[in-house]
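K.L.:
take a look and give me a structure for this.
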Amino acid sequence: MNSDGNRKATGHRIRAIGALLLALFAIGHFTSEASAGTRPLKTGVTVIDFTNTSEAGYKRIRSTGATLTRVIITWPLVVGSKAPANPSDPADPAYSWGHYDTQIQNAVNAGLTVLVQINGAPKWAERCKTQSTTATCNPNPVAFARFARAAATRYSGTYEGLPRIRYWEPLNEPNLESNFLPQRRSSGKQSPVLYRSVLNRFAAAVKGVDPTNLVVGGGLSPLGGGNSYHPLAFARQLLCMQGRSRPTPIRGCSGTARFDIWASNPYTTGGPTHRSTHPDDIQLGDLSNMSRLLRAARRAGKIKSGFKRIPYWLTEFSWDSKPPDPGGVAMPLLKRWTAHAMFQAWRSGVSAFFWFSLRDIERTQGHPYAWTLESGLYQRSNSLSNDQPKGNLTAFRFPVVAFRRPGGIYFWGRNPGGKSGKAVIRFRPPNGSGSRVLKRIKVGSGGVFQGFVRTRLGRNFKGSVFADSGGQASVPFSLTTVKDFYQPPFG
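P.N.:
The predicted structure is shown next:
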């Protein structure tokens, strides 16, 4: 999301024996699923916070093991109130890029890959007759594309020594009426169709600068309702598809969408397996529904891309922590949920997982906690250097989960930084005394590992599983099941 105000609007919409058992462990082996464990999962941190763009902040993002971050270029802030004479030329005197030059350079200097999202539109580029909100209102796709071309040219790697940006995204959460208008009309085009026109011209523009540029589409909010589109319904209409369980092309609908990567922001009103009450909303437990639609649309030729299989990214996700938010998730549980969320995303076909944000967002005095974000991996203090890491930072850097299965324990994890190497899977009894090696494994270049250890488990089996790799240890993951419950993501 683009601002604390937008986060407020979405926040209102969005409503867990000892030595004898150790002796029972036998020599384990991988199941047939183990070969799929090499499929990587990239990680990112969406922002430092809403205002900090320092190189020190981006270096701290890199220290979490993340390799991705997002920079939002707000079109009206670059161009001002008058249209440029040469809108596709980044050197046009109407443009002012300095803030973004510095921000992007800082992120790249820190070793991060940047996803640039272009958002907003100046009034002269909007086609609404009346406009009384801050939402982007029916932006002219041609004007949007010309600005995108200017941005892609500036950050092509061949312009005035500025960095090369490969990943580009138009707009954020266009299924929300607080972000994109009009959502619905009594007659005429709806927001998915309007967005498709912007998306396709945007893709043509940035790929016209460099064919290897990649376009991220969607970036959808998890929930719809009111005048806003439910994300799955938005995606189906965008892609000229119909049906939930077995999506098929709509006869007579000839539209195609041009993008290389699809994105969602699946903030979740519960735990990592929580499913939405509406069948067209997308929270963590629903991710496979979107993956299914993407596969069907790609097979049907409704997505124009050089990729046979469309990558699926989560570009914003988090829960507020307690403390500091009294309505947030208590840290012992948040550590578990953070690792489990990453596993849930990976098993649903997601290839990149962004946490929002590095540090808690500064809270305006008197505002309810539900209106603010205390979801940082660091608890905010008076300065970045004095911020304190939260317990779930380790779970984000080195996620490991383990679940009891018939005949043994299934485990999954991602080495810190997604690096190859070795990992040792260990069991710790409930009394916390010592640990026992379950499995020693080689981790491939993707950094992700999974496997199965055979053991005789009783119904009351307890304890936790963790991993060691490269001198680092993951957070122990309890084998005791934690039931899902209602938990607003923003406290």
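K.L.:
could you point out which element follows the top helix by length along the chain?
P.N.:
Determined from DSSP state H, the single longest helix within the chain is helix 191-209. Counting by DSSP states H and E, the next helix or strand C-terminal to helix 191-209 is strand 214-220.
K.L.:
on contacts alone, who are the packing partners of the following helix or strand past that following strand?
P.N.:
Once the chain leaves strand 214-220, the next helix or strand it forms, by DSSP H and E, is helix 231-238. The elements that helix 231-238 packs onto, with contact taken as 3 or more Cβ pairs under 8 Å, 6 or more residues apart in numbering; DSSP states H and E, are helix 191-209, strand 214-220, helix 287-299. Heads up, the C-betas are built off the backbone N, CA and C, glycines and all.
K.L.:
quick one, which of these is packed in tightest?
P.N.:
Among the helices and strands packed on helix 231-238, strand 214-220 has the highest mean neighbour count (mean count of other Cβ atoms under 10 Å), at a mean of 26.
K.L.:
show residues contacting that one.
P.N.:
With contacts defined as Cβ atoms under 8 Å, 6 or more residues apart in numbering, strand 214-220 is touched by 115, 117, 166-175, 199, 202-203, 206-207, 231, 234-235, 257-265, 282, 313, 315.
K.L.:
among those, name the buried ones.
P.N.:
115, 117, 166-175, 199, 202-203, 206-207, 231, 234-235, 257-265, 282, 313, 315 (16 or more other Cβ atoms under 10 Å).
K.L.:
before we move on, the earlier item: and Thr394, which of the helices and strands packed on helix 231-238 is closest to it?
P.N.:
Checking these against Thr394 by Cβ to Cβ gives helix 287-299 as the closest, at 23.9 Å.
K.L.:
how distant is the very next helix or strand once past that closest one from the center of its chain?
P.N.:
Per DSSP H and E, the first helix or strand lying C-terminal to helix 287-299 is strand 303-304. The chain centroid and the centroid of strand 303-304 are separated by 21 Å under Cα atoms, centre = their mean, to the nearest Å.
K.L.:
can you give the strand pairings for the helix or strand just after strand 303-304, parallel or anti for each?
P.N.:
Heading C-terminal from strand 303-304, the first helix or strand you meet, by DSSP H and E, is strand 312-314. Applying DSSP bridges, strand 312-314 is found paired with strand 261-264 (parallel), strand 350-355 (parallel).
K.L.:
residues contacting strand 312-314, please?
P.N.:
Contact with strand 312-314 is made by 216, 261-266, 287, 290-291, 294, 345, 348-354, as judged by Cβ under 8 Å, 6+ apart.
K.L.:
rerun at 7 Å
P.N.:
Identification of contacts with strand 312-314 by Cβ atoms under 7 Å, 6 or more residues apart in numbering yields 216, 261-264, 266, 290-291, 294, 345, 349-354.
K.L.:
from the chain's centroid, how far away is the next helix or strand along the chain from it?
P.N.:
Next helix or strand after strand 312-314 toward the C-terminus (DSSP H and E): strand 321-322. On the basis of Cα atoms, centre = their mean, strand 321-322 sits 20 Å off its chain's mean C-alpha point.
K.L.:
what's in contact with strand 321-322?
P.N.:
For strand 321-322, contacts defined as Cβ under 7 Å, 6+ apart pick out 328-331, 334, 374-375, 390.
K.L.:
over to stretch 343-355?
P.N.:
With Cβ under 7 Å, 6+ apart as the test, stretch 343-355 has contacts from 40-46, 68, 70, 272-273, 284, 287-288, 291, 311-318, 342, 377, 396, 399, 401, 412, 448.
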